[in-house]
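>>> I would like to see how this sequence folds:
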Amino acid sequence: PAVIAAESRSTPGQGALSYTGVTDLKTQLHGVQDDFQQVSRPGIWQVFLLVIGVLLLVGPVDFVLVRHVLKRPRATWATLPLIILSTVGLAVWSGGTVKGREVLVNQLDILDLDALTGHVEGRSWATIYSGQSQRLKVEFRPADWLTADTSKQDETDCWVSWSGVPETTFGGMHRVGQRGLDEPDYHVTCGGSESSIVDLPVAVSSTRTVSATWQHVCRDAQLTAALESGGVGQLSGELTHSFPGVIDDWLVVYGNRVYMPRTSEGRSGTWASGTPLRLDGPGVRDESLKRYLTRTTIHTVARRQGDGTEVVAVAGQYRPLGRNPLDWFETLTFHRAAGGSGYTGLKNRDLEALDLSELIQLGRAVLVGRLKLPADGGQKPDAGTELRIDGEAARAAGGRQLTYLRIVLPVKSRRIRPTQKFFDPDQKTSK
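Numbering: from 1, shown residues only. Got it, this is the predicted structure:
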C-alpha cells in the first residue's frame, strides 16, 4: 500500500499565533511556569453572574425590601449602603481566600552532563507567585549531591538574572519602554558557588521569573555506558546510573531513532539507581524519532479510486498553549529534529543553544529523563538547582519542582569497514 505523509504545516490551526501571542518556545516556558494548581481564579462567566447578582440586590431586591416588606421607602438610605459594603467586604474576603497569601514557586531545572568528561551545566527557571506585595531574597546554588566532591580549584560558578519573554506584546522584552523614576531597585550578586537577588519586588497576586546558570565538573561518574552501533540509528549495549534517585520518563536518542520503555503508556518508565538497562532487552522498544516527537498516527483508509487501502501518516498538531512540562522539554531538546518552526509554529531564539538535534547526528547518543529523589516523591528541591526564598528552601514555599537530565553518551561504532585497498584503474601505477 502507498504511504502518504501528511505535512504538519497543512494541519489546521497552525496560524494560531495570530491570537495566542506565543511565538517562541521560551514564551511557552513562561506559560508552563505560570501554571499554579494551588491558585484558582474565577472564570469570566462566574464574574458575569456575580455582577448580575449585585445589580439585582441593589435594584429589585432593595426595592421590594423597602417598599413592600418594610414599607418605608426612605429606608433605602440605610439598606443600599449596607448592601454595597457587604458586597465589597465579601469580594475582598473571597479574593484573599482564593488567591492566597503565601509564596509559591514553580521551578524547572535542566542538567546537561557529558558522560566522558564529567562536565555538568545546569540551567534553572523559577517562577515565584506572591499573594501579597513584598520584596524577596532569592538565592541559587548547585545541588549538594553534585558539589560534595568539589575542591577549591574547581569551585562552581553560578550566575543569576531575571527572565523575560521574547515578545512584542505586553510585558515582552521586545517592547519599547523606559524606566520610571519610582520603579523599585533590586541587587544582583553573581559568581562563586552562590548567586542571589536581594529585594526582588513581587506585586500582589502576580509572578516573577528568574533564571540561573552554573557549571561544575563532577569527579564521580554518575553513569556508565557501554553502547555500540552497527548502523544508522542502530544502538545496543548497557547503561547503569548512580544518581541519588530514579530516572523517570527516560528516552535514549541516537541518530533518527528513539529507544524507550515498552509500557502500556508508551512513554513513561522508571529506571532505578544501580539497575542495568539493556537497550536491546525485551523491555525496550524503538521507533522513529520524528514520528515520536510529532505524535504521528497511522490510519488505514480506503482508496478513493479502485480497490485496496492506503496507509496515511498524520502528524499531530503542536499546542503553543500546552502546559505539560515534559512535552515542552522534549520539544526544546530536539526542536530541529521534530521539524523546527514548520511543526511547532514557534521560533527558538533565546534557547537555541539547548537544541541537541545536531549532536545526535555526530555519533553520540543522548539520554533524557526526569530525576526524582526518593524523599517527598521526588519533589526535594536539591534534585537540581537548590533555591532559597528568604533563607528558606523552596520546598517550604510549596509549588512544583522538576529536574530534567540530558546526558551525552559515547557510542562505539562496529560498522564493517574494508581492510583491503581496491585497485583504481584510472590511477597510474608507478614502475
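
>>> and the strands in the stretch 1-150 of the chain?
3-6, 103-114, 119-130, 134-141 (DSSP state E, counting those that start in this stretch).

>>> what about the closest residue to residue 271 other than its chain neighbours, helix or strand, and which?
Spatial nearest neighbour of residue 271, chain neighbours left out: residue 247 (4.5 Å); criterion: CB to CB, 6 or more residues apart in numbering. Backbone N, C-alpha and C define where each C-beta goes, glycine included. In this assignment (DSSP states H and E), residue 247 forms part of strand 246-254.

>>> which other helices and strands contact that strand?
Contact analysis of strand 246-254 by 3 or more CB pairs under 8 Å, 6 or more residues apart in numbering; DSSP states H and E lists strand 234-241, strand 257-261, strand 270-271, strand 364-372 as its packing neighbours.

>>> partner strands of the third one, with direction?
Same thing as strand 270-271. strand 246-254 (antiparallel) (DSSP bridges).

>>> do the last one as well
Take DSSP bridges as the rule and strand 364-372 pairs in its sheet with strand 246-254 (antiparallel), strand 399-410 (antiparallel).

>>> okay, the ones you listed in TSV with mean pLDDT next?
As requested, those are exported to TSV (pLDDT from 0 to 100):
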stretch	mean pLDDT
strand 246-254	93
strand 399-410	92
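
>>> for residue 172, find the nearest of those.
Closest to residue 172 of the strands paired with strand 364-372, according to CB to CB: strand 399-410, at 24.3 Å.

>>> which residues in the chain form helices?
Ranges of helices in the chain, per DSSP state H, are 17-20, 25-33, 44-56, 62-64, 76-99, 144-147, 289-293, 325-333, 341-344, 394-397.

>>> out of those, which gets nearest to residue 194?
Judging the helices of the chain by CB to CB, what sits closest to residue 194 is helix 144-147, at 10.7 Å.

>>> name the residues that touch that closest one?
Contact with helix 144-147 is made by 120, 141, 156, 193, 216, 218, 243, 244, 382, 386, as judged by CB atoms under 8 Å, 6 or more residues apart in numbering.

>>> let's go with 10 Å and repeat that
With contact meaning CB atoms under 10 Å, 6 or more residues apart in numbering, helix 144-147 is reached by 111, 113, 120, 122, 141, 154-156, 193, 214, 216-218, 220, 222, 243-245, 371, 373, 382-386.

>>> that older thread, now render the helices of the chain as a markdown table, adding mean pLDDT, mean neighbour count and distance to residue 303.
Shown next, in a markdown table, are the helices of the chain (pLDDT from 0 to 100; neighbours: other CB atoms under 10 Å; distance: least, CB to CB, whole Å):
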| stretch | mean pLDDT | mean neighbour count | distance to residue 303 |
| --- | --- | --- | --- |
| helix 17-20 | 44 | 11 | 36 |
| helix 25-33 | 94 | 22 | 40 |
| helix 44-56 | 85 | 11 | 47 |
| helix 62-64 | 86 | 14 | 71 |
| helix 76-99 | 81 | 13 | 57 |
| helix 144-147 | 72 | 18 | 58 |
| helix 289-293 | 93 | 20 | 23 |
| helix 325-333 | 95 | 20 | 35 |
| helix 341-344 | 93 | 20 | 28 |
| helix 394-397 | 65 | 19 | 58 |
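
>>> ok, which of those helices comes nearest residue 160?
Set against residue 160 and scored by CB to CB, the helices of the chain come closest in helix 394-397, at 13.8 Å.

>>> show the buried residues in the contacts of helix 144-147.
111, 113, 120, 122, 141, 156, 214, 216, 218, 222, 243-245, 371, 373, 382-386 (16 or more other CB atoms under 10 Å).

>>> the most centrally placed residue in the chain and residue 398, how far apart?
Nearest to the mean C-alpha position of the chain, by CA atoms, centre = their mean, lies residue 325 at 3.7 Å. According to CB to CB, to the nearest Å, residue 325 and residue 398 sit 17 Å apart.
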